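A.B. asks: starting from these lines, generate the structure:
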Amino acid sequence: MLLPSTLITFALGISLLKTSTASPSQSVQKWDANACAVVVCGPAQNGLPGRDGRDGKEGPKGEKGSQGLQGLKGSQGPPGKMGPAGLVGGKGSPGEKGTKGDIGAKGGTRAFSSAEKGAKGDRGKWWLQGNSGLQGPKGQIGSPGLKGDKGSVGEKGTKGDSGLSEINLLKRQVSTLEGQLRALQSSFSKYKQVIMFPNGRIVGEKIFMTSGYEGNFDSLKQRCSQAGGQLASPRNAAENAAIQQIVVLYNKSVFLGINDIQTEGRFKYLNGENIVYSNWQTGEPNNDKGIEDCVEVHSSGKWNDKSCGEKRLIVCEF
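C.D. replies: Numbers count the residues shown, from 1 in each chain. From the prediction side, this is the model:
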């Protein structure tokens, strides 16, 4: 227990050695070395500092407190290291075929000035190919290239005929004479056959002849064919008049090489061509009784359709 104004030190069996004053505000009493020292501060203004509690025993551990509230989200950390490269992309589909370029000058390589370079495309991501830049404008046509090397010599051609040499001229003359000879032989053969038919008529290049034979259409056609001709088939008024003269001379009607056997009402020559000339009698052809398919010529020169089975005078043309 502290007394109001003095410090009392008790020591059992030990005497007081010395009393000293540290300062006007503090009184310190000391004992000998074998005694326990007790310092009691009186009413001095400031005493000596006390010892910290490091020498004290650690108190019991408190219970775990409840989890506190979640703190605010921290700021974004620095970027991480670059990741490994991605797999190579598949091959793209081929682009459309470009337009054909201009043809170079003949005989050499054609030079072209390079077109201006298009603008550089944006750089894509490191694992993707960037977009292609825009195509630059077409460059101007360059000057003609150097003359090309001379080509190799071609194979030797076959020897051509010489110009209008004397031999070629003779060959042509012989060829012309041979053609004329063939024409004469053909004409001679024709006239030789016509000898069988007296009392004929000539109109232009045609000869109309009769032998006086009478028969139906088919037999007359066959006789004329065997003689190298055919039944008379007038194609104009002059030829029809020559046939008329023979009819008057023999006073017998003749069959022409004209009929409508194939198609009723459509008269044709023996070669199947449609007729180009006619001289029908008034009211003819009328196909009387439905059996008149052949054509006869009267002394008047007029035509009439008649049954092909009737017999008429033969007149052939050569």
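A.B. asks: got a list of what the residue nearest to Glu317 when sequence neighbours are not counted touches?
C.D. replies: Nearest in space to Glu317, with sequence neighbours left out and distances taken as Cβ to Cβ, 6 or more residues apart in numbering, is Ala232 at 4.7 Å. Backbone N, C-alpha and C define where each C-beta goes, glycine included. By Cβ atoms under 8 Å, 6 or more residues apart in numbering, Ala232 lies in contact with 208, 239, 243, 254, 256-257, 315-317.
A.B. asks: in helices only, show me those residues.
C.D. replies: 239, 243 (DSSP state H).
A.B. asks: now, which of the contacts of Ala232 sits nearest Ser278?
C.D. replies: Set against Ser278, the nearest of these by Cβ to Cβ is Leu256 (10.2 Å).
A.B. asks: next, the distance between the ends of stretch 264-277.
C.D. replies: Terminal residues of stretch 264-277 lie 18 Å apart, using Cα to Cα, to the nearest Å.
A.B. asks: got the phi and psi for the residue nearest to Glu317?
C.D. replies: The phi/psi pair for Ala232 (degrees, to the nearest 10) reads phi -50, psi 130.
A.B. asks: roughly how far does it sit from Arg312?
C.D. replies: For Ala232, the distance to Arg312 (Cβ to Cβ, to the nearest Å) stands at 11 Å.
A.B. asks: quick check: neighbours shared by the two?
C.D. replies: Contact criterion Cβ under 8 Å, 6+ apart; residues shared by Ala232 and Arg312: Val254.
A.B. asks: stretch 88-106 - what's its average pLDDT?
C.D. replies: Mean pLDDT, stretch 88-106: 71.
A.B. asks: right, I mislabeled it, should have said stretch 236-252
C.D. replies: For stretch 236-252, the per-residue pLDDT averages 96.
A.B. asks: contacting residues around that stretch?
C.D. replies: Contact with stretch 236-252 is made by 199-204, 206, 208, 210, 212, 214, 232, 234, 253-254, 256, 277, 279, 297-301, 312-313, 315, 317, as judged by Cβ under 8 Å, 6+ apart.
A.B. asks: may I see the buried residues of that stretch?
C.D. replies: The neighbour-count check on stretch 236-252 (16 or more other Cβ atoms under 10 Å) flags 239-240, 242-244, 246-247, 250, 252 as buried.
A.B. asks: would you point out the most distant pair within those?
C.D. replies: Greatest spatial distance among these (Cβ to Cβ): Glu239 and Lys252, at 18.7 Å.
A.B. asks: part of a helix, is Gly179?
C.D. replies: Yes. Gly179: assigned to a helix according to DSSP: H, G, I helix; E, B strand; the rest coil.
A.B. asks: just give me the neighbour total for it.
C.D. replies: 10 (other Cβ atoms under 10 Å).
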